[in-house]
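# Build me a model from this:
(4 chains)
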2 protein chains.
Amino acid sequence: MADRGLRADAARNRTNIVHAARALIAAHGVDVGMDDIAREAGVAVGTLYRHFPAKADLIAAIVGERIEEMLADLDAVSARLDAGGSARDELVALVTTVAARAGEDRLLKAAAGDLVRTSLNDVEHRAVAALRQIVAAGHRQKALYRDVSADDVALILTLLPGEETPDPARRRWVQLVLRSLLADDAGEPP
Amino acid sequence: MADRGLRADAARNRTNIVHAARALIAAHGVDVGMDDIAREAGVAVGTLYRHFPAKADLIAAIVGERIEEMLADLDAVSARLDAGGSARDELVALVTTVAARAGEDRLLKAAAGDLVRTSLNDVEHRAVAALRQIVAAGHRQKALYRDVSADDVALILTLLPGEETPDPARRRWVQLVLRSLLADDAGEPP
DNA sequence: ATAAATCATGAACCATCGTTCAGGTTAGGA
DNA sequence: TCCTAACCTGAACGATGGTTCATGATTTAT
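Take a look at the predicted model:
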């Protein structure tokens, strides 16, 4: 949380705004009005615009947070792998975790669209780098089909079902997609 | 195309409107304005509203067409299966075909949302019934994992990537998801 | 305590977009 | 040909939602 020399009340308002925006967007989608966000944050619209010159900036900030969280998850996984963890278990846990958060994440990602796609690219590279480590470990442990790449895993994480899909279907989905990555023992893809 | 006793020019306008709407929605998303659709169709907005009392009706009409196309595909597949075709090949072809059209379809489906969900339900039942036949044939031919159900296939068809996913990734995706359905030979899921 | 900079307020502005309607036009049968 | 129902036109309306700005309130350093 970078308090860039903000006044005490300004900093407080800023975090309130971000919290309110996160909650409302998660609940009602990206189309929530700025007025609603401001009211939920206990602040006037003008204040909101002082901190975020445009709605896109507010959304970009939230998306940025989510991306950081995800990168932290990825780093944690590869650390555990370096410590000798099971690549299979880690992959299952990773996909499950991301799927659970996918409801909110998908909304934000959809909203961000190509708005932040340019600034996303370098972060995406960081993510793919982490995934590459994980996939490499998976191959070393013969837990993945031979042709599975880091991009494949990234693709799957990107295409996880959002909140429009009811929960049992979402769980089943995780089961199914993992099947396309994890080899029983041989490692030869069909 | 049910010309319900329309005047000649009215019928012409109606098809022009539907064509224009399909094209614009496919190209720019569901958020295209009614004015744009009208202009593209060479018609005034009022005319558009004479044929479709609300934007939702226009979208519902287009979605209906797409659904009919898809049902026709499904029926064709199960007919070919009854004639002794390979369930595996048919499934691959089906998913590939739907994936190719997914760009536009996803847009429409997203737009339809719960707007038409009620009227979709019975059509969805028809679709699932057809899928059930296909999956049954697949099991008879030992081409699928034992636990794969018609709902699984429906889930996959629903969650196919849209136009936001570039084409090579989309093809790879089809390869991957099919792997989670099609058994090599044994039929026992991991 | 006082000043100056920083920050907050919220009514108003403006652009967009779905929708309507009064009046003009056209098709097609008698 | 002429009449009338069916149809078309497009300016205008209203709701929505992002954005601005003149004015007033707080914080903080001196």
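
# Model confidence for A:A11, exactly?
pLDDT, A:A11: 97.

# Provide the secondary structure category for it.
helix (DSSP: H, G, I helix; E, B strand; the rest coil).

# again with A:E40
A:E40 is classified as helix under three-state DSSP.

# give the contact list for it.
By Cβ atoms under 8 Å, 6 or more residues apart in numbering or on different chains, the residues touching A:E40 are A:A20, A:A23, A:L24. Any C-beta I mention is one placed from the backbone N, CA and C, and that applies to glycine too.

# ok, now A:L81?
Counting by Cβ under 8 Å, 6+ apart, A:L81 touches A:A87, A:E90, A:Q133, A:I134, A:A137.

# Sort out which of these are in helices and list them.
The members of the contacts of A:L81 that map onto helices under DSSP state H are A:A87, A:E90, A:Q133, A:I134, A:A137.

# Just the mean pLDDT for the longest helix seen in chain A, thanks.
In chain A, assigned by DSSP H, the helix with the most residues is helix A:55-82. What helix A:55-82 shows for mean pLDDT is 91.

# Does it reach DNA strand C?
No: Helix A:55-82 stays clear of DNA strand C (Cβ under 7 Å from any atom of the strand), getting no nearer than 13.7 Å.

# what's the offset of that helix from the middle of its chain?
Offset of helix A:55-82 from its chain centre (Cα atoms, centre = their mean, to the nearest Å): 6 Å.

# Residues contacting stretch A:14-25, please?
A:1, A:6, A:32, A:36-38, A:40-43, A:47-48, A:51-52, A:58-59, A:61-62, A:65, A:104, A:107-108, A:111.

# now with 7 Å?
Stretch A:14-25 is contacted by residues A:6, A:32, A:36-37, A:40-43, A:48, A:51, A:58, A:61-62, A:107-108 when judged by Cβ atoms under 7 Å, 6 or more residues apart in numbering or on different chains.

# Name only those of those residues that count as buried.
Buried residues within the contacts of stretch A:14-25, defined by neighbour count using 16 or more other Cβ atoms under 10 Å in any protein chain shown: A:V32, A:I37, A:E40, A:A41, A:V43, A:L48, A:H51, A:L58, A:A61, A:I62, A:L107, A:L108.

# pLDDT check: weakest of those residues?
A:L108 (66).

# which one is A:E90 nearest to, not counting chain neighbours?
Leaving aside its sequence neighbours, A:E90 sits nearest to A:V77 (Cβ to Cβ, 6 or more residues apart in numbering or on different chains; 5.0 Å).

# distance of that neighbour from DNA strand D?
According to Cβ to the nearest atom of the strand, to the nearest Å, A:V77 and DNA strand D sit 36 Å apart.

# Flag every residue of chain A that's near DNA strand C.
Within chain A, the positions adjacent to DNA strand C are A:6-7, A:9-10, A:13, A:42-47, A:49-51 by Cβ under 7 Å from any atom of the strand.

# Kindly recompute the last result at 6 Å.
Proximity of chain A to DNA strand C, by Cβ under 6 Å from any atom of the strand, involves residues A:L6, A:R7, A:D9, A:A10, A:N13, A:V43, A:A44, A:V45, A:G46, A:T47, A:R50.

# Now do the second one: how many residues are near it, please.
Right, the one you point to is A:R7. Residues near A:R7, counting by other Cβ atoms under 10 Å in any protein chain shown, number 9.

# Distance check, A:E90 against B:A87.
35 Å (Cβ to Cβ, to the nearest Å).

# So for these two, which sits in the more crowded spot?
Shown here are A:E90 and B:A87; by other Cβ under 10 Å, B:A87 has more neighbours (23 against 19).

# and the residue of chain A nearest DNA strand C?
Residue nearest to DNA strand C within chain A: A:G46 (1.9 Å; Cβ to the nearest atom of the strand).

# quick one: contacts of the strand or helix carrying that residue?
Using DSSP states H and E, A:G46 falls within helix A:45-51. Residues from elsewhere that reach helix A:45-51 (Cβ under 7 Å, 6+ apart): A:N13, A:R14, A:I17, A:M34, A:D35, A:I37, A:A38.
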